[in-house]
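Q: turn this into a structure:
(one chain, ligands or ions: 1)
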Amino acid sequence: MKAIVQDRYGGPEVLRLAERGEPTPGAGEVVVEVVATGVDAGTVHLLEGRPAPVRLAMPLKGERVLGMEVAGRVRAVGDDVTDLSAGDAVFGSARLGHGGLAEYAVVRRDRLARRPPGVTFGEAAALVVSGSAALKATQAARIAEGDRVLVLGAAGGVGHLAVQVAKAAGAMVVGACSRTKTDLVASVGADEVIDYTAEDPLRRGPFDAIIDTGGHRPLRALRRALTPRGALVLVGAEPEGAPMAGLGRAIVAAMLDPFARQRLVMLASTESVAALDTLAAHAAAGKLRPVIDAEYPLEAAAEAIARIGHGKGRGKVVVRVRPE
Ligand SMILES: NC(=O)c1ccc[n+]([C@@H]2O[C@H](COP(=O)([O-])OP(=O)(O)OC[C@H]3O[C@@H](n4cnc5c(N)ncnc54)[C@H](OP(=O)(O)O)[C@@H]3O)[C@@H](O)[C@H]2O)c1
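A: As a prediction, this is how the structure comes out:
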């Protein structure tokens, strides 16, 4: 099969097209004939080996294939997978090293769900990691009907989905993004859109919850913009040049949480079947639709990843491996 492989840490330039053997499924695994693969900030982190401890924890031995966000058709199942068969349309998160920047990917059964009706493979792929993070963030914020919720980074991969999931939960959503992306944030249903280059969105508080996926505002400023029992969910941040990326701030928040009246959550999202099924149900009901900013062919996967850059995404970028 054709695959985009990585054998050292670095930028998109380290990626190259290679021929590899088609994978076979192990116990509890499914091989997916990939139709589309989403790329997100996490793909950039794995490629670069960021934050720095990642390189120590995961030294690269040989080639690996990135691309966690996979949608396609079941090709083969492991012995103990009895509820899926060849040809079923699925989406899920690939095993590290056997990702969707290839014609076939390996996905654990407990990280895979059926693609919802009326949703393209490209859209389904775009939901896997970013959608799960958006869902887990709104769940962690415990959003109730009528809550005022601020989404920072509201035009990004996670952010534009978080706006929609929070709206589906009945929240009044304020989305913050840079000037050229305000149309996107309005189009996914935010009640108010703030260009953070012209106005500080935190001044529009107090908010019942803040979901932070972009920028790297200090904890103190974020907490001041919350109600006394509000929730701050730190999904991620891409501060320039910080070796620990946005992790340091999130760790401090998690340490402060037991002593604070507000809830301070460092999000660690996983792509469970339950999360994927919930995303599928929202999508099938027309409440959740990823915005696909751009599609690239497999051979141009490096360009797709470069487009995401460091936390500057607009909607989602998808790599198309096969036609729909
Ligand atoms: N914790 C978890 O489990 C988990 C899961 C998934 C992702 N993440 C992390 O979440 C972060 C976002 O991921 P993503 O895939 O959504 O990235 P993305 O697509 O690049 O989105 C980030 C967004 O933040 C915006 N932004 C940057 N600075 C901002 C600021 N000062 N104020 C408001 N918005 C700002 C960016 O564009 P503009 O500045 O142009 O508006 C961009 O739209 C990453 O750090 C990623 O690693 C964490």
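
Q: need the residues of the stretch 51-200 of the chain near the ligand, please.
A: 129-130, 133, 152-153, 155-159, 176-178, 181, 196 (C-beta under 6 Å from any ligand atom). Quick note: C-beta positions are derived from backbone N, CA and C, even for glycine.

Q: in strands, which of those fall?
A: Using DSSP state E, 152, 176, 177 are the members of these that sit in strands.

Q: can you tell me which of the residues you listed is closest to residue 260?
A: Proximity of these to residue 260 (C-beta to C-beta) peaks at residue 152, which lies at 19.3 Å.

Q: correct me, but that closest one touches residue 212?
A: Yes: counting by C-beta atoms under 8 Å, residue 152 touches residue 212, with 4.6 Å between them.

Q: other residues contacting the worst-scoring helix or strand of the chain on mean pLDDT?
A: Taking mean pLDDT, DSSP states H and E as the measure, the helix or strand of the chain with the lowest value is helix 53-57, at a mean of 84. Identification of contacts with helix 53-57 by C-beta atoms under 8 Å, 6 or more residues apart in numbering yields 9, 45, 46, 49, 244.

Q: now with 7 Å?
A: 9, 45, 49 (C-beta atoms under 7 Å, 6 or more residues apart in numbering).

Q: ok now that helix, how far from the chain's centre?
A: 21 Å (C-alpha atoms, centre = their mean, to the nearest Å).

Q: got a list of what residue 30 touches?
A: By C-beta under 7 Å, 6+ apart, the neighbours of residue 30 are 74, 77, 78, 81, 84, 107, 109, 112.

Q: regarding the fifth one, what is its secondary structure?
A: Per DSSP: H, G, I helix; E, B strand; the rest coil, the local secondary structure of residue 84 is coil.

Q: so it touches residue 76, yeah?
A: No: Residue 84 is beyond contact range of residue 76, at 10.0 Å (criterion: C-beta atoms under 7 Å).

Q: looking at the two, which is more packed in?
A: residue 76 (19 against 16; other C-beta atoms under 10 Å).

Q: residues in contact with the strand or helix carrying that one?
A: Assignment of secondary structure by DSSP states H and E places residue 76 within strand 69-77. Identification of contacts with strand 69-77 by C-beta under 7 Å, 6+ apart yields 24-25, 30-38, 40, 84-94, 99-100, 104-105, 107, 115, 121, 124-126, 128-129.
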